[in-house]
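[1] quick check, what structure comes out for this input:
(chains A and B)
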Amino acid sequence: MIDSGSTAWMLTSSALVLLMVPGLALFYGGMVRRKNVLSTMMMSFVAMAVIGVQWVLVGYALAFGKSSLGGFVGWDWELFALQGIEPTTLFADKAIPELVFVMFQGKFAIITPALISGAVAERMKFRSYIAFTLIWVTLVYCPLAHWVWASDGWLFERGVLDFAGGTVVHVAAGVSALVLALMMGPRRDFARGAALLPNNLVLTLTGAGLLWFGWFGFNAGSSVAVESPVAGAIAGLAFTTTQSAAAAAGLSWMMVERWHHGKVTSLGLASGIVAGLVAVTPAAGHIKPWAALVLGALASVVCYAAVQLKNRLGYDDSLDAFGVHGVGGMLGALVTGLFCFTPVKGLFTGGGPGQLGKQALGVAVAIVFAGGGTFVIASVLKRVMGLRTTDQEERDGLDIHVHGERGYHFDQT
Amino acid sequence: MKMIIAIIRPERLEAVEDALSEVLDEGDNYRITIDMVEGLGRQEGEVEIFRGQKVKLRNVQKTRLTLCVNDAYVEKTISAISRGARTEPTGAVGDGKIFVLPLEEVVRIRTGERGGSAI
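    Coordinates of the predicted model:
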């Protein structure tokens, strides 16, 4: 029987998650140099178009189709282009229409590759980025989503908990971003130590706000999709933990900054908020609010340290896709094994180390599969079409060369 | 006729404009062009922080004034600008510079007038 409240919430959540993509575009776009603001935003926006189509055609079928080979491969011809789904078909044992579930999950498939763009900003060929996005979602994201979220996926069956995508979205995207960034090499100006300053932190802060707002759909929406047939209790919990983790992480990052350089920056507060949201993503419906406060506070400390380590090591993960999403996702996934209380208990909540072990398995699989998959896909694309723009394009800025536009004409009368 | 170019701190613009209106004949209607520039001098550039990394900028932001005056007004203009632009009470590194250039011709576009009366 269809539940109108759950369906309404899931439709809303889907729209909220989609809003996170322009939010991400603003967040990233404001951080790059003026000459690349449109290019950076386009990498997020174009995912909505490319994966929007891919998901309907094959993505959903791969991620949530019937399993074969022991839960490793999903597929169902009935789900190709969603042809076999009637508007009245309900999803599995849930009280929502399957099309609503398809749309909700599709938004996750859209935003995950967009996260990767943060690591390769200001130097990746647009065509290659689109090709990478399409292939990566099809061959890496969809299988991983199947393993973790499909009821017959092999990681789901082993009891790995990933409420809204700590491993499937953030660890996968973060690790892939790192691999891609290392394979492409640094920006020329990064390599020669030039000052690379954000062109518009006002956009970045706006983006962070939209991300926080949309994240309620990301996490609290996942309660119906994944865990329970009807929205309500767990959605309320996920909403609360999402809010709590983001707030604690914001405070925490500010305090770390104050200690480190004596100043609290706006980019820092925005980054802390995002780090907290990333970390609570796998845990949102599994931990208590107090644990979310702890996780958020911890996420900022760990992610801030990861970013400083990146500076020390000298590789160019331009917008800290790995430092925030990769590291934050790994932390959240593991901490879920410490603090979870539903559907199973964790190490610090009287359940023993078993769940932590399962979480570690999920994280390890995501790292190896996403990292390895990215290496293979990027190697092929590098050979076939090249990954980087030319030196001159990079110097002049990608906006004018790739898109024939400039982001701002402030001096115009 | 002389062209006077002054590089001053952006926040001193109002003080300089007030001082100039006291010495130039038309008072508040004297002619001036203002633009925002950046440059290098003895003053240290700003330090920005980007995700825990300190970024030292080399150049400093300044305001550039361009005025054209008849010879009789040159010294008055220089001292007015200096008064307005100098950090009280003793001056500070970064207060700026004034350059005086010879001006060959001035044309009022509306009427075609030239020379000292067109300035």
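
[2] how about the residues of chain B near chain A?
    The interface of chain B toward chain A, taken as Cβ under 8 Å from any Cβ of the partner chain, is made up of B:48-58. Glycine gets a C-beta too; all of them are placed from N, C-alpha and C.

[3] among these, the buried ones, what's the PyMOL command?
    With 16 or more other Cβ atoms under 10 Å in any protein chain shown as the criterion, this PyMOL line picks the buried residues out of these:
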select buried, chain B and resi 48+49+50+51+52
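
[4] dump the residues of chain B next to chain A to JSON lines, plus secondary structure and pLDDT.
    Output for the residues of chain B next to chain A, formatted as JSON lines (DSSP: H, G, I helix; E, B strand; the rest coil; pLDDT from 0 to 100):
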{"residue": "B:48", "secondary structure": "strand", "pLDDT": "95"}
{"residue": "B:49", "secondary structure": "strand", "pLDDT": "95"}
{"residue": "B:50", "secondary structure": "strand", "pLDDT": "95"}
{"residue": "B:51", "secondary structure": "coil", "pLDDT": "94"}
{"residue": "B:52", "secondary structure": "coil", "pLDDT": "93"}
{"residue": "B:53", "secondary structure": "strand", "pLDDT": "93"}
{"residue": "B:54", "secondary structure": "strand", "pLDDT": "94"}
{"residue": "B:55", "secondary structure": "strand", "pLDDT": "93"}
{"residue": "B:56", "secondary structure": "strand", "pLDDT": "92"}
{"residue": "B:57", "secondary structure": "coil", "pLDDT": "93"}
{"residue": "B:58", "secondary structure": "coil", "pLDDT": "91"}
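
[5] just the residues of chain B next to chain A now: which is nearest residue A:73?
    If you rank these by distance to residue A:73 using Cβ to Cβ, residue B:51 comes first, at 39.8 Å.

[6] just to check, the closest one is in contact with residue A:320?
    Yes: the pair residue B:51 / residue A:320 is scored as a contact, 6.5 Å apart, by Cβ atoms under 8 Å.

[7] got any ranges where the chain has weak pLDDT?
    All of this refers to chain A. For chain A, the stretches with pLDDT under 70 are A:225-231.

[8] chain B was what I was after
    Low-confidence segments of chain B, defined by pLDDT under 70: B:27-28.

[9] what about the helices in it?
    Using DSSP state H, the helices assigned to chain B run over residues B:13-23, B:74-85.

[10] deepest of those, which one?
    Mean neighbours per residue, mean count of other Cβ atoms under 10 Å in any protein chain shown, is largest over the helices of chain B for helix B:74-85, with a mean of 18.

[11] which neighbouring elements make contact with it?
    Here helix B:74-85 touches strand B:2-8, helix B:13-23, strand B:60-69, strand B:96-102, going by 3 or more Cβ pairs under 8 Å, 6 or more residues apart in numbering or on different chains; DSSP states H and E.

[12] could you pull up the residues touching residue 43?
    Because you didn't say which chain, this covers chain A. Residues near residue A:43 by Cβ atoms under 8 Å, 6 or more residues apart in numbering or on different chains: A:25, A:28, A:114, A:117, A:121, A:124, A:126, A:129.

[13] actually chain B
    Counting by Cβ under 8 Å, 6+ apart, residue B:43 touches B:60, B:93-94.

[14] name the nearest residue to it, ignoring sequence neighbours.
    residue B:94 (3.6 Å; Cβ to Cβ, 6 or more residues apart in numbering or on different chains).

[15] which residues in the stretch 151-300 of chain A form helices?
    Using DSSP state H, counting those that start in this stretch, the helices found in the stretch 151-300 of chain A span residues A:154-157, A:172-184, A:188-191, A:201-220, A:222, A:233-261, A:266-280, A:289-313.

[16] got those as CSV, with mean neighbour count columns?
    Listed next are the helices of the stretch 151-300 of chain A as CSV, based on neighbours: other Cβ atoms under 10 Å in any protein chain shown:
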stretch, mean neighbour count
helix A:154-157, 18
helix A:172-184, 26
helix A:188-191, 14
helix A:201-220, 22
helix A:222, 28
helix A:233-261, 22
helix A:266-280, 28
helix A:289-313, 20
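
[17] please name the bridge partners of the residue in chain B that chain A sits nearest to.
    Nearest to chain A, among the residues of chain B, is residue B:55, at 4.7 Å (Cβ to the nearest Cβ). Counting by DSSP bridges, residue B:55 is bridged to residue B:48.

[18] who's in contact with the nearest residue to residue B:86 once chain neighbours are set aside?
    In space, and not counting its chain neighbours, residue B:86 is closest to residue B:95: 5.3 Å by Cβ to Cβ, 6+ apart. Contact analysis of residue B:95 by Cβ under 8 Å, 6+ apart lists B:8-9, B:12, B:85-87.

[19] returning to that earlier point: which residues do residue B:51 and residue A:320 both contact?
    The contact sets of residue B:51 and residue A:320 overlap at A:271, A:307 (Cβ under 8 Å, 6+ apart).

[20] please tell me how far residue A:75 sits from residue A:142.
    As judged by Cβ to Cβ, to the nearest Å, residue A:75 and residue A:142 stand 10 Å apart.

[21] who's more crowded, these two?
    Shown here are residue A:75 and residue A:142; by other Cβ atoms under 10 Å in any protein chain shown, residue A:142 has more neighbours (26 against 18).

[22] what sits against the closest residue to that one other than its chain neighbours?
    Excluding its sequence neighbours, the residue lying closest to residue A:142 (Cβ to Cβ, 6+ apart) is residue A:62, at 3.7 Å. Residue A:62 sits next to A:74-75, A:138, A:142-143, A:146 when contact means Cβ under 8 Å, 6+ apart.

[23] which strand or helix spans residue A:62?
    For residue A:62, the enclosing helix or strand under DSSP states H and E is helix A:60-64.

[24] contacting residues around whichever residue of chain A sits closest to chain B?
    The minimum distance from chain A to chain B, using Cβ to the nearest Cβ, falls at residue A:195 (4.7 Å). Counting by Cβ under 8 Å, 6+ apart, residue A:195 touches B:48, B:55-58.

[25] apply 7 Å and report the result again.
    Residue A:195 is in contact with B:55, B:57, counting by Cβ atoms under 7 Å, 6 or more residues apart in numbering or on different chains.

[26] so how far is residue A:28 from it?
    19 Å.

[27] cool, residue B:91 as well?
    44 Å.

[28] who has more neighbours, those two?
    residue A:28 (25 against 11).
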